[in-house]
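Participant: show me how the following folds:
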Amino acid sequence: MVIMRRSREKYKRLFKLLFAAVLVLGVVGLYGLMWIYYYNPYVLQSEFSFYRRGNWLIILLYAILLTFFLYTYGGFKIGFLKNGNLIYSQIISIIFVNVFTYFQIAIIDKRFVSPVYMLALTVGDILYVLLWTMLFLIVYRAMFPPRRLLFIEGDRRDYHLRDKINSREDKYEIQESISYRRGMEVIADKIRKYDAVIIGDMPSHERNLILKFCYQKGIRTYTVPKISDILLRTSDEMNLFDTPLFLSRNLGLTIEQQWMKRLEDILLSILMLVVFSPVFLIAAIAIKGTDGGPVFYKQDRLTLNGKVFKIYKFRTMVVDAENRSGPVLASEKDPRILPIGRILRSTRMDELPQLINVLKGEMALVGPRPERPELAAEIEKKIPEFSYRLGVKAGLTGMAQVYGKYNTTAYDKLKLDLMYIRKYSLLLDLKIIIMTPKILFLKESTEGVLPDSEESAE
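Facilitator: Predicted coordinates:
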């Protein structure tokens, strides 16, 4: 079984490439037909009509945009994302591309044409990707069944990781667990029986022995990184001598990066305030009309170098909510949350007033989530490295917000934030900003926390 699995594995990339190619060609083909037989001859004024090369250029631009959004949002990640997340990624990519294309046509024709045909195209695109993806998933699951895993447990409690892996029954199947304390000889006999190994949080010596053994035998491993692993992985390579070296710095962003990031914050926050001004108006009316209390909620949070500032958010709870319960994070069915507050929270629109904090220079558009001082102090008692997140300004969105969940543990959020800080670039910022709309309507990214979570109430 293991040998058969490995023989098929080398074809997986080609199989996924086939899926992506047919997906893109089908959607682009539908747009091409719509453009050639409707928009170009009948909608555009005669002086703007395109001919052979012009038509191909317009269709190519659509294909490039579609590929970009599908790649960015994960629409090609069959076998990696959950089925619902995969299809959601494809649908939101199609919607964004078609909206952009509609405005492109409006600019070319210097008028807003009827959106009915573009809406019809979008519906057709969605039906096509649903049919193709579901059919392909059936074949993919048959060819690449869930991996049979051995879980090698470490000292730190790994139940969160185990639960996450068990939630992907389509991809993984933990068939046996064993403690690293059983010894390498016993563990080696177990490893040979499985497709892959999950290495928990254990001492480096034992972990290295397991890693080298699996590498020698050609068995893939999934390893829980330590903070030191993140720091080492994001270090610079040095070949100054004949001995390879890793150079690790802790100087924060360079002065050029700080200037570019600030310019990015100012320009994009102003643009977003203009675009979302209707949301501000509707939210203000709804909150004020509910109980007559203030529209905005202010709270102390931490930013660069531990500086405390007042964060702005739309008020989503009853007035003086914390006087009743103390500083605890809202649960999913918290009675303190206002009706409009549930909508704002579920879409994360309650965070929009933080654009004001960005303009003031207290926050950045992208960065670690701003924590409350008292709760950060509690977390640091258990995780002293948690303060490393303060190497950059707190952000409205960030790597931990995009790739994590609302109830992701503080330790895992720290790892994601450290990866962002250590590998910062303007392109990384733009990628995270583009990724942010995808998570707004994903329920798993706005789940309430577990009872023992260390996060903040608002």
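
Participant: where along the chain do the strands fall?
Facilitator: 147-153, 172-179, 196-199, 220-223, 236-238, 245-247, 296-302, 308-314, 364-366, 395-397 (DSSP state E).

Participant: which residues does the residue nearest to M272 when sequence neighbours are not counted contact?
Facilitator: Excluding the flanking residues, the one nearest M272 by Cβ to Cβ, 6 or more residues apart in numbering is L355, at 5.7 Å. Placement of C-beta: from N, CA and C, glycine included. L355 makes contacts with S269, M272, L273, F276, L396, as judged by Cβ atoms under 8 Å, 6 or more residues apart in numbering.

Participant: pretty sure Y312 contacts R301?
Facilitator: No. Using Cβ atoms under 8 Å, Y312 makes no contact with R301, being 10.1 Å away.

Participant: where does the stretch 201-350 of the chain have low pLDDT?
Facilitator: 320-335 (pLDDT under 70).

Participant: can you give me the domain boundaries for this protein?
Facilitator: Here the domain parsing of the chain from automatic domain parsing is 2-143, 147-224, 255-446.

Participant: among these, which comes closest to M238?
Facilitator: Among the domains of the chain, domain 255-446 comes nearest to M238, with 16.0 Å by Cβ to Cβ.

Participant: related to what we said a few turns ago, mean neighbour count, the domains of the chain: which tops it?
Facilitator: Burial of the domains of the chain is given as mean neighbour count (mean count of other Cβ atoms under 10 Å); domain 255-446 ranks first at a mean of 17.

Participant: distance of the residue nearest to M272 relative to Q257?
Facilitator: As judged by Cβ to Cβ, to the nearest Å, L355 and Q257 stand 21 Å apart.

Participant: cool, and I434?
Facilitator: 19 Å.

Participant: I'd like the domains of the chain written out as a markdown table, with distance to L247 added.
Facilitator: Shown next, in a markdown table, are the domains of the chain (distance: least, Cβ to Cβ, whole Å):
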| stretch | distance to L247 |
| --- | --- |
| domain 2-143 | 31 |
| domain 147-224 | 20 |
| domain 255-446 | 12 |
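
Participant: tell me the contacts of the residue nearest to S248 when sequence neighbours are not counted?
Facilitator: What sits nearest to S248 in space, not counting adjacent residues and going by Cβ to Cβ, 6+ apart, is S235, at 4.3 Å. Applying Cβ under 8 Å, 6+ apart to S235 gives the contacts F246, L247, S248.

Participant: distance check, the closest residue to V318 other than its chain neighbours against V27.
Facilitator: Residue nearest to V318 in three dimensions, not counting chain neighbours: R336, with 5.3 Å by Cβ to Cβ, 6+ apart. To V27, R336 is 44 Å away according to Cβ to Cβ.

Participant: how about K298?
Facilitator: 46 Å.

Participant: swap in W259?
Facilitator: 40 Å.

Participant: now swap in M134 and tell me
Facilitator: 16 Å.

Participant: over to K423?
Facilitator: From K423 to V27 the distance is 32 Å (Cβ to Cβ).

Participant: and if you look at Y180?
Facilitator: From Y180 over to V27 (counting by Cβ to Cβ), the distance is 48 Å.

Participant: next: I337.
Facilitator: 39 Å.

Participant: just D417 next, same as before
Facilitator: 36 Å.

Participant: the residue nearest to Y297 when sequence neighbours are not counted and E362, how far apart?
Facilitator: Among residues not flanking Y297 along the chain, R315 sits closest, at 4.2 Å (Cβ to Cβ, 6+ apart). Taking Cβ to Cβ as the criterion, R315 is separated from E362 by 19 Å.

Participant: repeat that for R182.
Facilitator: 51 Å.

Participant: do K212 as well
Facilitator: Counting by Cβ to Cβ - K212 and E362 are separated by 47 Å.

Participant: now swap in I356 and tell me
Facilitator: 9 Å.

Participant: repeat for D125
Facilitator: 42 Å.

Participant: now A410, nearest residue through space, not along the chain?
Facilitator: Closest to A410 by Cβ to Cβ, 6+ apart is I379, at 4.9 Å.

Participant: what pLDDT does that neighbour get?
Facilitator: Per-residue confidence for I379 comes out at a pLDDT of 92.

Participant: list the contacts of the residue nearest to G367 when sequence neighbours are not counted.
Facilitator: Excluding its sequence neighbours, the residue lying closest to G367 (Cβ to Cβ, 6+ apart) is G395, at 2.7 Å. For G395, the contact set (Cβ under 8 Å, 6+ apart) comprises M363, A364, L365, V366, G367, P368, R369, P370, Q401.

Participant: which stretches of the stretch 1-150 of the chain have low pLDDT?
Facilitator: 1-8, 42-50.

Participant: cutoff 90 now
Facilitator: 1-14, 35-57, 79-84, 104-115, 141-147 (pLDDT under 90).

Participant: what about the stretch 351-458 of the chain, any weak spots by pLDDT?
Facilitator: 400-412, 437-458.

Participant: so where do the helices sit in the stretch 51-200 of the chain?
Facilitator: Using DSSP state H, counting those that start in this stretch, the helices assigned to the stretch 51-200 of the chain run over residues 52-73, 83-109, 116-143, 159-166, 184-191.

Participant: quick one: closest of those to Y39.
Facilitator: The nearest among these, by Cβ to Cβ, is helix 83-109 at 6.0 Å.

Participant: packing partners for the closest one?
Facilitator: Packing contacts for helix 83-109, counted by 3 or more Cβ pairs under 8 Å, 6 or more residues apart in numbering; DSSP states H and E, involve helix 12-34, helix 52-73, helix 116-143, helix 426-439.

Participant: one more time with 6 Å
Facilitator: helix 52-73, helix 116-143 (3 or more Cβ pairs under 6 Å, 6 or more residues apart in numbering; DSSP states H and E).

Participant: would you mind writing the CA trace of the shortest one as PDB?
Facilitator: Taking Å, rounded to 0.1, in the frame of the first residue of the first chain, the C-alpha atoms of helix 52-73 are listed here in PDB:
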ATOM      1  CA  ARG A  52      -8.600  39.600 -34.200                       C
ATOM      2  CA  ARG A  53      -5.500  40.700 -32.200                       C
ATOM      3  CA  GLY A  54      -7.500  43.000 -30.100                       C
ATOM      4  CA  ASN A  55     -10.000  40.300 -29.100                       C
ATOM      5  CA  TRP A  56      -7.100  37.900 -28.200                       C
ATOM      6  CA  LEU A  57      -5.500  40.700 -26.100                       C
ATOM      7  CA  ILE A  58      -8.800  41.300 -24.200                       C
ATOM      8  CA  ILE A  59      -9.300  37.600 -23.600                       C
ATOM      9  CA  LEU A  60      -5.600  37.200 -22.500                       C
ATOM     10  CA  LEU A  61      -6.000  40.000 -19.900                       C
ATOM     11  CA  TYR A  62      -9.100  38.200 -18.500                       C
ATOM     12  CA  ALA A  63      -7.100  34.900 -18.300                       C
ATOM     13  CA  ILE A  64      -4.200  36.600 -16.500                       C
ATOM     14  CA  LEU A  65      -6.500  38.300 -14.000                       C
ATOM     15  CA  LEU A  66      -8.400  35.000 -13.400                       C
ATOM     16  CA  THR A  67      -5.200  33.000 -12.900                       C
ATOM     17  CA  PHE A  68      -3.900  35.700 -10.500                       C
ATOM     18  CA  PHE A  69      -6.900  35.600  -8.300                       C
ATOM     19  CA  LEU A  70      -7.300  31.800  -8.300                       C
ATOM     20  CA  TYR A  71      -3.700  31.400  -7.400                       C
ATOM     21  CA  THR A  72      -3.800  34.100  -4.700                       C
ATOM     22  CA  TYR A  73      -7.100  32.900  -3.100                       C
END
